[in-house]
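Colleague: Quick one, fold the following:
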Amino acid sequence: LEYSQLVVADAPKSMMAESLRKIRTNLNYIHPEYKTIAISSSISGEGKTFVALNLSGIIAMSGKKTVLLDLDLRKPKVHLGLDVENKLGMSSLIVNQATIDECIHHSKVENFDFITAGPIPPNPSELLLSKRFQDIVEELKARYDVVIIDNPPVGLVSDGIKNLTDADIPIYVFKSHYSKRIFADRVKELFTMQQLKSLNVILNGVKPTKSGYGYGYTEELEVRSKKWYQRIFKRK
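Modeller: This next block holds a predicted model:
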């Protein structure tokens, strides 16, 4: 595919959808009352936006009102996957050039709304760290059951680290046979610097096996888990 798409809507009984349902179940064990999920990766191409789109869809299909925010303001992709224009979005909202109602799009999945990134701003870091952005998230938490944030890759920029820290469930996406070992070192560094206290990992692109669907898994990682990155890259 040229870009990430919402595949669970068209194939709700597929192995992919079933794998995402298992991830959805795991999230309830990690934080039963979660309201916010932030998803990031090290670089583009690891499947971050694909996970954000389809996890949003599968959560919405369970009956929860869900909104997805594209905060990858430098390289937005959510609007491509959902086939809408990107004239108004998060950047417009944060600088008060549009209202939430003007920016919300409704997807073909019931209960699943989304807000695109909007025009690429000259100062994305400042926008994501602003009080206005925090106020927007709080308003959306009041409107929706779940707010999912598609973060910029934190291996390249630090814009999304605060969102990972603040989220009820922070998720990091690695891609099998694509992500490099040095990417895990970056996450380890965030733990060492105490910028992250816990993290949940999805390993994307695993080949299916006879005993399972092979899409990936989530695993809660604590600071004391010094060897977690070896488990993720044990095949390398």
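Colleague: Please name every helix or strand in contact with the helix or strand encompassing Ala9.
Modeller: Of the helices and strands defined by DSSP states H and E, Ala9 is found in helix 7-10. For helix 7-10, the elements it packs on are helix 15-30, helix 48-60, judged by 3 or more Cβ pairs under 8 Å, 6 or more residues apart in numbering; DSSP states H and E. Where C-beta positions appear, they are placed from N, C-alpha and C, glycine not excepted.
Colleague: Show me which residues of whichever helix or strand Thr165 is part of are buried.
Modeller: Element membership for Thr165, per DSSP H and E: helix 161-166. By 16 or more other Cβ atoms under 10 Å, the buried positions in helix 161-166 come out as Ile161, Lys162, Asn163, Leu164.
Colleague: right, so the helices and strands packed on helix 7-10: which one is the most enclosed?
Modeller: helix 48-60 (a mean of 26; mean count of other Cβ atoms under 10 Å).
Colleague: Nearest to the spatial middle of this structure, which residue is it?
Modeller: The C-alpha lying nearest the average C-alpha coordinate of the chain belongs to Ile39 (Cα atoms, centre = their mean; 2.6 Å).
Colleague: Can you dump the C-alpha atoms of the helix or strand hosting Val67 in PDB for me?
Modeller: Element membership for Val67, per DSSP H and E: strand 66-70. Output of strand 66-70 as PDB, limited to C-alpha atoms (Å, rounded to 0.1, in the frame of the first residue of the first chain):
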ATOM      1  CA  THR A  66     -13.100   7.300  19.700                       C
ATOM      2  CA  VAL A  67     -11.300  10.300  18.200                       C
ATOM      3  CA  LEU A  68      -7.900  10.100  16.500                       C
ATOM      4  CA  LEU A  69      -5.600  13.100  16.400                       C
ATOM      5  CA  ASP A  70      -2.800  13.400  13.800                       C
END
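Colleague: For whatever helix or strand comes next after it, give the mean pLDDT please.
Modeller: Later in the chain than strand 66-70, the nearest helix or strand by DSSP H and E is helix 78-81. Averaging pLDDT along helix 78-81 gives 92.
Colleague: would you list the helices and strands packed on helix 7-10 in CSV and tack on mean pLDDT and distance to Asn111?
Modeller: Putting the helices and strands packed on helix 7-10 into CSV (pLDDT from 0 to 100; distance: least, Cβ to Cβ, whole Å) gives the following:
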stretch, mean pLDDT, distance to Asn111
helix 15-30, 88, 13
helix 48-60, 94, 4
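Colleague: need those helices in CSV with distance to Phe191, can you?
Modeller: Shown next, in CSV, are those (distance: least, Cβ to Cβ, whole Å):
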stretch, distance to Phe191
helix 15-30, 17
helix 48-60, 19
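Colleague: nearest to Ala9, of the ones you listed?
Modeller: Distance to Ala9, taken as Cβ to Cβ, is lowest for helix 48-60 among the helices and strands packed on helix 7-10, at 5.7 Å.
Colleague: returning to what we had before: quick check: angle from the strand or helix carrying the residue nearest to the centre of the chain to strand 66-70?
Modeller: According to DSSP H and E, Ile39 maps onto strand 36-41. Counting by axes from the mean of the first three to the mean of the last three Cα atoms, to 10 degrees, strand 36-41 lies at 40 degrees to strand 66-70.
Colleague: quick one: strands adjacent to strand 36-41?
Modeller: strand 146-150 (parallel), strand 169-175 (parallel) (DSSP bridges).
Colleague: hey, least reliable of those strands by pLDDT?
Modeller: Across these, the lowest-scoring stretch is strand 169-175, with a mean of 86.
Colleague: what ranges of this structure fall below the confidence cut-off?
Modeller: Within the chain, the segments meeting pLDDT under 70 span 1-3, 155-157, 177-184, 193-196, 206-236.
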